[in-house]
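[1] Requesting a structural model of the entry that follows:
(one chain, ligands or ions: 1)
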Amino acid sequence: MNIILLGPPGAGKGTQSAGLVERHGMKQLSTGDMLRAAVKAQTPVGIKAKAVMDRGELVSDEIVSDLIDAELEAMGAETGAIFDGYPRTAAQADSLDEILAKHGRSLDHVIELGVDEDALVERITGRFSCANCGALYHDTANPTSKEGVCDNCGNTEFKRRPDDNEETVRKRMQEYRAKTAPILPGYEARNIVTRVDGMAAIDEVAGAIDAILG
Ligand code: AMP
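    Predicted structure coming up:
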């Protein structure tokens with residue numbers, strides 16, 4: 001099973017990917033996470049990508065497609081892939097088809113998380129994650145059960161993404177509208193797109209996604 005979670009920043013792609021990994025043993029392939037890891041490790045790719053990411057713009061198609069190719073290369077053929085935050089442009093969508101074919105895979109579903117854009121800024125600027133295990137939280141919508149303590153691992157250090165500020169979020173939304181939304185019609189023509197209400201509660205969205213996967 002190979003699926004794309006598509007939706008603007010803050011739609012819940014990361015949260016839903018984490019749930020799919022847990023429930024179905026799939027692997028999350030998040031180009032955003034891969035790039036953040038490269039930035040942290042100060043690899044040549046990370047050094048190049050950092051300024052672009054901080055501005056909320058898109059890094060080059062070649063960089064992210066190479067990252068995805070390398071991850072699939074290292075994955076067992078039987079493990080399902082969740083593409084989270086990739087593809088984001090028409091060129092990346094074409095590359096993904098080629099990369100999947102090369103690895104003997106094909107796309108089963110594109111799940112579009114539909115969201116009310118006005119709510120996105122609040123969703124994004126309120127989010128934070130555990131600095132140890134990466135569990136995702138939100139100040140109001142999904143706080144830790146005990147203040148300041150990660151539910152998953154008990155750690156007390158948290159972090160926020162540097163690009164989760166209002167100005168950068170607006171730029172990221174603009175990029176989504178201009179470059180990513182236009183790839184949907186191509187997938188619709190292949191009859192593999194299902195839209196899910198991304199404004200619903202996390203569990204409801206998860207249920208709707210599971211119903212699609214069957
Ligand atoms: P995300 O974690 O998916 O919100 O991605 C964070 C940032 O990483 C984006 O704003 C882009 O700068 C960069 N990025 C992540 N995935 C891609 C992609 N598929 N294509 C281009 N840039 C990306």
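[2] Next, the contact list for the closest residue to P9 other than its chain neighbours, please.
    Nearest residue to P9 in three dimensions, chain neighbours excluded: R172, at 4.5 Å (Cβ to Cβ, 6 or more residues apart in numbering). To be clear about C-beta, it is placed using only N, CA and C from the backbone, and glycine gets the same treatment. Contacts for R172 (Cβ atoms under 8 Å, 6 or more residues apart in numbering) come out as P8, P9, G56, D163.
[3] part of a helix, is the second one?
    When you say that, I think you mean P9. No. If the criterion is DSSP: H, G, I helix; E, B strand; the rest coil, then P9 is coil and not within a helix.
[4] Check what pLDDT the nearest residue to G186 once chain neighbours are set aside gets.
    Among residues not flanking G186 along the chain, A93 sits closest, at 6.4 Å (Cβ to Cβ, 6+ apart). pLDDT for A93: 98.
[5] ok, which residues in this protein are in contact with the ligand?
    Counting by Cβ under 6 Å from any ligand atom, the chain comes close to the ligand at 9, 31-32, 35, 52-53, 56-59, 64, 85-86, 88, 92, 163, 172.
[6] Narrow the residues you listed to those in helices?
    Using DSSP state H, the subset of these located in helices is T31, G32, L35, V52, M53, V64, Q92, R172.
[7] Would you format those as JSON lines with distance to G198 included?
    Formatted as JSON lines, those follow (distance: Cβ to Cβ, whole Å):
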{"residue": "T31", "distance to G198": "19"}
{"residue": "G32", "distance to G198": "17"}
{"residue": "L35", "distance to G198": "23"}
{"residue": "V52", "distance to G198": "26"}
{"residue": "M53", "distance to G198": "23"}
{"residue": "V64", "distance to G198": "22"}
{"residue": "Q92", "distance to G198": "21"}
{"residue": "R172", "distance to G198": "16"}
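[8] List only buried entries from those residues.
    When those are checked for burial by 16 or more other Cβ atoms under 10 Å, the buried set is T31, G32, L35, M53, V64, Q92, R172.
[9] quick one on the thing from earlier: now do the contacts for the residue nearest to G186.
    A93 touches P87, I183, G186, Y187, counting by Cβ under 8 Å, 6+ apart.
[10] May I ask which of those has the most neighbours?
    Counting neighbours by other Cβ atoms under 10 Å, P87 comes out on top of the contacts of A93 with 26 neighbours.
[11] mind checking how far that residue is from D69?
    12 Å (Cβ to Cβ, to the nearest Å).
[12] and what of E188?
    Distance from E188 to D69, by Cβ to Cβ: 25 Å.
[13] cool, and K179?
    As judged by Cβ to Cβ, K179 and D69 stand 20 Å apart.
[14] Check E117 too.
    From E117 to D69 the distance is 32 Å (Cβ to Cβ).
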